[in-house]
Every structure is written in C-alpha cells, then in structure tokens.
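Colleague: Please work out how this folds:
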Amino acid sequence: MLSKTFVFTSIILTHTLWAQNPPEPCGFGAAMQMMQLQDPNYQSALQNFDEESSGQTSCVNNTPFLIPVVFHVLHNNGPENVSEAQIDEALSQMNLQFAGGEGGFNTQIQFTRARIDPNGNCTSGINRIFTSTPDVTWVTIMKTLR
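Modeller: Sure thing, here's the model as predicted:
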C-alpha cells in the first residue's frame with residue numbers, strides 16, 4: 001500500500017510541477033544558456049545592452065517596423081505542403097511573440113508576407129517547391145533553392 005501511495009503522490013507532484021512550468025514555446029531560454037556557455041563575453045554584452053536600453057520607455061513614433069517575408073514550402077504533395085491558412089497562423093503567432101504577447105516586451109517589429117518579389121512582380125509571399133526527396137535537410141534545401 002505504501003508503494004502505491006508513493007507512486008500516486010509522485011505522479012501528482014510531477015504533473016503539478018509541470019503544469020506550473022510549461023515548456024517554453026520557442027526555445028529562447030535554451031539558446032541564451034547555450035550562448036552564455038559558448039561565449040564568455042556574452043553575459044557582459046547582454047548586461048550592457050540591458051543597461052543602455054533600460055531608460056528607453058517607448059519607441060519614438062510607435063510605428064512597427066514591417067519586415068516582408070517569403071515562405072518557401074518544400075513538399076512532395078503530402079502533409080508537408082501546408083495550407084495558406086497554416087502559414088498565416090504561424091505568421092500571426094510569430095507577430096504575437098515579437099509584440100510581447102507571451103511575455104517580454106513589444107519589439108515594434110511585425111512580419112508580413114511579401115507582396116513584391118525581387119524583380120518587382122506581385123507575389124503571395126509563398127513559394128511552393130515540389131521535391132521528390134521525402135527527407136528534407138538543409139543540404140537538400142540549399143540544392144533545391146539554387
């Protein structure tokens with residue numbers, strides 16, 4: 001009976017602790033820890049940045065800086081060929097995070113799908129690329145885009 005009580009208590013305790021500290025949605029904290037371990041000057045540079053920007057209360061004109069982006073969807077006509085709605089949802093989520101909607105501060109940076117390509121032609125901001133390679137890696141991506 002004691003072992004059953006211990007197991008049950010352990011499960012409840014673990015679940016409770018997990019619920020109070022949900023995983024980070026973007027991995028920023030882990031990336032910061034990695035940078036601090038790899039670069040001995042990183043922590044002091046970060047501290048200097050914090051000190052310099054601590055007096056700034058807001059942007060001069062509160063106008064967001066718009067960054068046009070193009071989504072390159074590499075697919076084999078399967079589920080990896082995400083819909084336009086899925087792309088827009090990912091873009092909305094990214095904008096929410098950059099606006100401080102999940103903690104942090106509003107960076108005044110907003111991403112939008114590009115409307116004009118480098119040649120001046122209209123674009124949807126989505127470039128769909130068919131590839132017969134089911135396992136896409138960075139090497140495959142770079143070869144496909146060239």
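Colleague: can you give me the helices for this structure?
Modeller: Taking DSSP state H, the helices of the chain run over residues 2-20, 28-38, 42-53, 84-98, 138-145.
Colleague: Worst mean pLDDT among the ones you listed?
Modeller: Ranked by mean pLDDT, the helices of the chain bottom out at helix 2-20, which scores a mean of 49.
Colleague: Leaving out the residues flanking it, which one is nearest to residue 104?
Modeller: residue 97 (7.7 Å; CB to CB, 6 or more residues apart in numbering). All C-beta spots, glycine's among them, are computed from the backbone N, C-alpha and C.
Colleague: Just the pLDDT at residue 125, thanks.
Modeller: pLDDT at residue 125 comes out at 95.
Colleague: Now it. Its backbone dihedrals?
Modeller: Torsion angles at residue 125 (phi, psi; degrees, to the nearest 10) stand at phi 80, psi 10.
Colleague: For it, grab the count of nearby residues.
Modeller: 19 (other CB atoms under 10 Å).
Colleague: cool, the one 3 residues further on as well?
Modeller: For residue 128, the tally of surrounding residues (other CB under 10 Å) stands at 12.
Colleague: now residue 29
Modeller: Neighbours of residue 29 using other CB under 10 Å come to 10.
Colleague: mind checking how far it is from residue 114?
Modeller: To residue 114, residue 29 is 30 Å away according to CB to CB, to the nearest Å.
Colleague: ditto for residue 103
Modeller: Taken as CB to CB, the span from residue 103 to residue 114 is 28 Å.
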